[in-house]
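Visitor: Sequence and computational prediction follow.
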Amino acid sequence: MLLVFPVKLLLSQNTVSVRGFVKGSSGAPVAGAAVSVVTENGAGLVFGQSDTKGFFDCKFESSKEKVFIKITAMGYFPATVPIAVTVTEAYNVTLNKRPTELPEVTVKSNKKISLSSDTLKYNVNAFKDKNDRVIGDLIGRLPGIQIDEKGAISYNGKPITNVYIDGNNILDGRYRIATDNVPVDAVTQVQVIERDQPIKALNGYVVANNTSLNLQLAKAAKATFVNNAVAGAGNESYVGELSSLMFKRKILSINTLKTNNTGKNLLNENEEVGVSFDNNEATLKKSQSYLSMGSETAPAMMDEKYYLKNNDNAINTHTLFKLKQDWGLRINIAGLQLKRKYGTDISTSYFFPGADTISYDEKQDNIYQLHQWQIGAQLEKNSKSAYVKSISRLDIPKWDRTGATIQNGQMLNQRQPTKNTSISNETVLIKALGTQNILQYSSILQYYTANENLTVLPGVHKDIINDSIDYIKLDQQVHSTNTYIDQSVTFKTKLSQWVFSVSAGLSYHANRLQTDLYKTDSSYAATAAGPSFKNDIAFHTRMLYGKLSAIYPLKKGSFTIATTPGYCRVDYTLPTGAAIEKSYFLLNPLAQFTTKTGRYGEVSARYAQQAMPGQVSDIYTGSILENYRSFNANTTPLPKTDMNSYSFRYSYRQPLQILFYYINLSYNRTRQNYIKAYTLDSGITRSTAMDFKNIADGYTLGSGVSKYIFGIAASVSANGSAGLQKGNNYYNNAILAYHAYNASLSVSAEKKLFQKGTLSLTGEKRLFINEQGKGNKAESKNRTALTRLNAKWRQQLNDRLSYNASYQLVAYHQSGWQPVNSHFLDAEIRYALPKQKSYFEFQCTNLLNQRLYTQVSTTAGQVSTAVVPLRQRTFLLRYVFTF
């Protein structure tokens, strides 16, 4: 024992104990981490692991070599810490999280559709028809995707936000320029990106709700310019198009020059149709329009090519320069010169319980002209650690509307010139602070003006304007200037599993409204109509606001709660000299829950409350002649609107079976402290906003299904909706409750009956029921049913020759009236030239030469019938070529 004891004492003096704790970057202990003591050359001396509290204790024999603690754990970057033998205190080791990249999983279905993570990929070649020219021709036939009359795209019932080209955003929400001009042969895949969140620095900090499309380009389209042209002429009709597209690695560009008078609306092509579900931040203001010619009624459920009598010219150039280090410069320029002719014959009747029916007839022939320039430049940097975006825009639209109107036998001439100017800048700066924090700065600066005039001659409403004495003309003038500034700072941080966001911001909106009404007597002397028709109001809205939000990520979804508290102060001066000040405290809470159900389903629920103070358009007291038959003024205090909305959505997509379906439920309640009171007779409408506790409720149910049936090689889809709106109307000194019901169902199918022939069928039914009365008793009721049927046959006779023919029926049935039916027949023959990328196309539109279209519109207590003249039968020979 005496010999052994000194040896054991010597060994204990050479043993080193290393103790400590392992924690994550959030401060939580990391259990089960592998702990080893290694030499400088990597040789291991001892191995262990941390316990449930993150504690570890390793013992090893000391040596002259340098030794280190090496700690590894799943989901974290490894850490190595040098050991000082003389140190006896516990070591604290922090591990940084490392995201785990799962391997891509692809589900294929006959090479038509594949699924990778949250991206659904449609194989263009599997769905392409030989007659498709641009990618928009194909997108509307893809299962699960729909395109409406304006070209807006939705996927499984949800609107698309953006359309990217090879992952690049060139157009924002004006994506029709891409879908109407990118050739179908230039695209290999149409990709649906669910939960699209393009800002790299915000990954993991926000819940993405947007859905976007990406057009994956073919290699050949990236190698050279893609140039296309169309030239055509016919009986009093013409068309010309030239497009040049470049999709290089560093430069992407879409340039177009178009002209036509065939009913193709080039204004729609430049409109912003994308819908964002993520952007709850401040946005640019839109100019308020006060005047009109009283004829802005476009036929519903009908293609514009049948009724739009136009001369449209447009030029577009959109270029993205991809610079170094994640920087990009985007230039967007659009010019429009449009001329349209409208003719409408309208009969309107108002039905009031216990009172006489009020009716009037109008016949209008108008010409609208637009000259507009839209110029935008965007500088953007998009990296994982920083995001910079600055967008400057200039928008100068100038409308000139003229026309002749006959109302109840009285002849009128009108002119309404309007000129708006808007200049703005939006800037967003985002910087990652370490691995767990984000700092964001957002800025909006905008100045816009609007100048509107409405001239009506001879003078109308002489009993109101000129003591019942005849006069020559009436001239309404409106001038509005606006300055809008919004500045905010946001800090986002990750604590444990939560993501917290705190914002503070300041918003300022100054609006000055000046209006005056002038009358010209028989001696051509112009004088003001009087102080009751004059406004000069300086309206200011100042808001100090914040935003608090918390996001808890779930295994297959997320839960979000947020509130946007704000202190809002509004002040303005009325023409009487009275100075008004109003203050509001706004809370605006929001709660949202989203989760996947299984692999292919998703459930989301949302509640939001929003309170909004009124604007200058809600409080002016001097009457404005809105159009030749309507005056508007306000006697209410500053309005305030509170909205509560609840929504539920379930969606399912199964690529293997090519099956898509969804269901949407929503309920909205709106509370206002005012109501629009209308006084009607056969020739004039006077509206006044009055103090009233007004509540309106809205219920909506929507659903849809789309399926490709492999057994018969056919695509079928169905979409339906039903809704109820409840509220109050105030007509001729009586408050009337109304219930407005609506329901719709559309069904479509497409089937190749043999190898080179395809039949497409679409049917749609809409029903509108409006009830009006006092209390819960309906004293007046109207019912309108609308039906549209469309059948189209496409056949490829051989490699060069093809044709298609289509038939459309539109029918209105108003209760108590005879049904009104309209029939349309079109045909098209195409011949492709041998060994050429070109073809001739002979188009025949409205072969049955339907000359009038009748449309019935109903609301609670009102029925309106509009008869619209249509374009004549048109023949057009087009030559389409690529060079």
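Guide: Cool, the structure landed. Residues are numbered from 1 along each chain as shown.
Visitor: quick one, what contacts residue 644?
Guide: By CB atoms under 8 Å, 6 or more residues apart in numbering, the contact set of residue 644 is 607, 608, 609, 668, 669. In short, each C-beta sits where N, CA and C put it, glycine included.
Visitor: Surely the second one is in contact with residue 564?
Guide: No: when contacts are counted by CB atoms under 8 Å, residue 608 is not listed as touching residue 564 (10.1 Å).
Visitor: On the pLDDT front, check residue 173 for me.
Guide: pLDDT for residue 173: 90.
Visitor: in a helix, that's where it is, yeah?
Guide: No: counting by DSSP: H, G, I helix; E, B strand; the rest coil, residue 173 falls outside a helix, being coil.
Visitor: just checking, it touches residue 332?
Guide: No: Residue 173 lies out of contact with residue 332 (CB under 8 Å); the separation is 11.7 Å.
Visitor: Show me which of those two is the more surrounded one.
Guide: Applying other CB atoms under 10 Å to residue 173 and residue 332 shows that residue 332 carries more neighbours, namely 22 against 17.
Visitor: Can you tell me who residue 406 pairs with across the strands?
Guide: residue 363, residue 411 (DSSP bridges).
Visitor: residues in contact with it?
Guide: For residue 406, the contacting residues are 362, 363, 364, 412, by CB under 8 Å, 6+ apart.
Visitor: Between those residues, which sits nearest residue 52?
Guide: Closest approach between these and residue 52, by CB to CB: residue 364, at 80.3 Å.
Visitor: That closest one: neighbouring residues, count only.
Guide: As a burial measure, residue 364 scores 22 neighbours (other CB under 10 Å).
Visitor: give the contact list for it.
Guide: Counting by CB under 8 Å, 6+ apart, residue 364 has contacts 293, 294, 295, 342, 343, 344, 345, 346, 403, 404, 405, 406.
Visitor: same thing with residue 194?
Guide: Counting by CB under 8 Å, 6+ apart, residue 194 makes contact with 118, 119, 120, 211.
Visitor: The first one contacts residue 197, correct?
Guide: No: using CB under 8 Å, residue 118 and residue 197 do not qualify as a contacting pair, with a distance of 10.2 Å.
Visitor: what about these two, which has more around it?
Guide: Taking neighbours as other CB under 10 Å, residue 118 and residue 197 compare with residue 197 leading, 17 against 13.
Visitor: List phi and psi for that one.
Guide: Main-chain torsions, residue 197, degrees, to the nearest 10: phi -140, psi 90.
Visitor: Model confidence for the closest residue to it other than its chain neighbours, exactly?
Guide: Sequence neighbours aside, residue 208 is the residue nearest to residue 197 in space, at 3.6 Å (criterion: CB to CB, 6 or more residues apart in numbering). On pLDDT, residue 208 comes in at 88.
Visitor: Save the contacts of residue 194 as a markdown table, and put in secondary structure and distance to residue 677 too.
Guide: What follows is the contacts of residue 194, written out as a markdown table (DSSP: H, G, I helix; E, B strand; the rest coil; distance: CB to CB, whole Å):
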| residue | secondary structure | distance to residue 677 |
| --- | --- | --- |
| 118 | coil | 50 |
| 119 | strand | 53 |
| 120 | strand | 51 |
| 211 | strand | 42 |
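Visitor: Could I have the ChimeraX command that selects the buried members from those residues?
Guide: Per 16 or more other CB atoms under 10 Å, the buried members of the contacts of residue 194 correspond to this ChimeraX selection:
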select :119,120,211
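Visitor: nearest to residue 166, of the contacts of residue 194?
Guide: residue 119 (13.8 Å).
Visitor: residues in contact with stretch 524-532?
Guide: So stretch 524-532 is contacted by 465-466, 472, 474-475, 516-521, 534, 575, 622-623 (CB under 8 Å, 6+ apart).
Visitor: Going through the residues you listed, which ones are buried?
Guide: Buried among those (16+ other CB under 10 Å): 465, 466, 474, 475, 516, 517, 519, 520, 534, 622, 623.
Visitor: So which of these belong to strands?
Guide: Counting by DSSP state E, the part of these found in strands is 474, 475, 516, 517, 519, 520.
Visitor: need the contact list for the third one.
Guide: Contacts were defined as CB under 8 Å, 6+ apart; by that measure residue 516 touches 476, 477, 528, 533, 534, 535.
Visitor: List buried residues within the residues you listed.
Guide: Here, 16+ other CB under 10 Å leaves 476, 477, 533, 534, 535 buried among the contacts of residue 516.
Visitor: Could I get the residues you listed in JSON lines, plus columns for pLDDT?
Guide: Shown next, in JSON lines, are the buried ones among the contacts of residue 516 (pLDDT from 0 to 100):
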{"residue": "476", "pLDDT": "96"}
{"residue": "477", "pLDDT": "97"}
{"residue": "533", "pLDDT": "94"}
{"residue": "534", "pLDDT": "94"}
{"residue": "535", "pLDDT": "93"}
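Visitor: Which of those sits closest to residue 284?
Guide: Taking those together and measuring to residue 284 by CB to CB, the closest member is residue 535, at 24.8 Å.
Visitor: quick one: residue 492 from residue 76, how far?
Guide: Residue 492 sits at a distance of 22 Å from residue 76 (criterion: CB to CB, to the nearest Å).
Visitor: Oh, that last question was meant for residue 28, not what I typed.
Guide: 11 Å.
Visitor: Common neighbours of the two, please.
Guide: By CB under 8 Å, 6+ apart, no residue touches both residue 28 and residue 76.
Visitor: Who has more neighbours out of those two?
Guide: Between residue 28 and residue 76, counted using other CB under 10 Å, the more crowded position is residue 76 (18 against 12).
Visitor: Tell me which residues touch the closest residue to that one other than its chain neighbours, please.
Guide: Nearest residue to residue 76 in three dimensions, chain neighbours excluded: residue 95, at 3.8 Å (CB to CB, 6+ apart). Each residue near residue 95 by CB under 8 Å, 6+ apart is listed here: 22, 23, 24, 25, 30, 33, 71, 73, 76, 77, 78, 79.
Visitor: I'd like the next helix or strand past the helix or strand of the chain with the lowest mean pLDDT.
Guide: Using mean pLDDT, DSSP states H and E, helix 4-13 stands out as the lowest-scoring helix or strand of the chain, at a mean of 40. Counting by DSSP states H and E, the element after helix 4-13 in chain order, helix or strand, is strand 15-24.
Visitor: Which is the succeeding secondary structure element to that next one?
Guide: Going down the chain from strand 15-24, the next helix or strand is strand 34-39, by DSSP H and E.
Visitor: Please identify the buried residues of that next one?
Guide: Using 16+ other CB under 10 Å as the burial criterion, the residues of strand 34-39 that qualify are 34, 35, 36, 37, 38.
Visitor: rewinding a little: make CSV out of the contacts of residue 406 and add distance to residue 678 and pLDDT.
Guide: Listed next are those as CSV, based on distance: CB to CB, whole Å; pLDDT from 0 to 100:
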residue, distance to residue 678, pLDDT
362, 17, 87
363, 23, 90
364, 21, 89
412, 21, 91
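Visitor: Out of the residues you listed, which two sit at the greatest distance?
Guide: 363 and 412 (10.5 Å).
Visitor: Common neighbours of those two, please.
Guide: Applying CB under 8 Å, 6+ apart, one finds that residue 363 and residue 412 are jointly contacted by 405, 406.
Visitor: In this structure residue 390 contacts residue 378, no?
Guide: Yes: applying CB under 8 Å, one finds residue 390 in contact with residue 378, separated by 7.0 Å.
Visitor: the more surrounded of those two?
Guide: Neighbours were counted for residue 390 and for residue 378 using other CB under 10 Å; residue 378 has more, 18 against 15.
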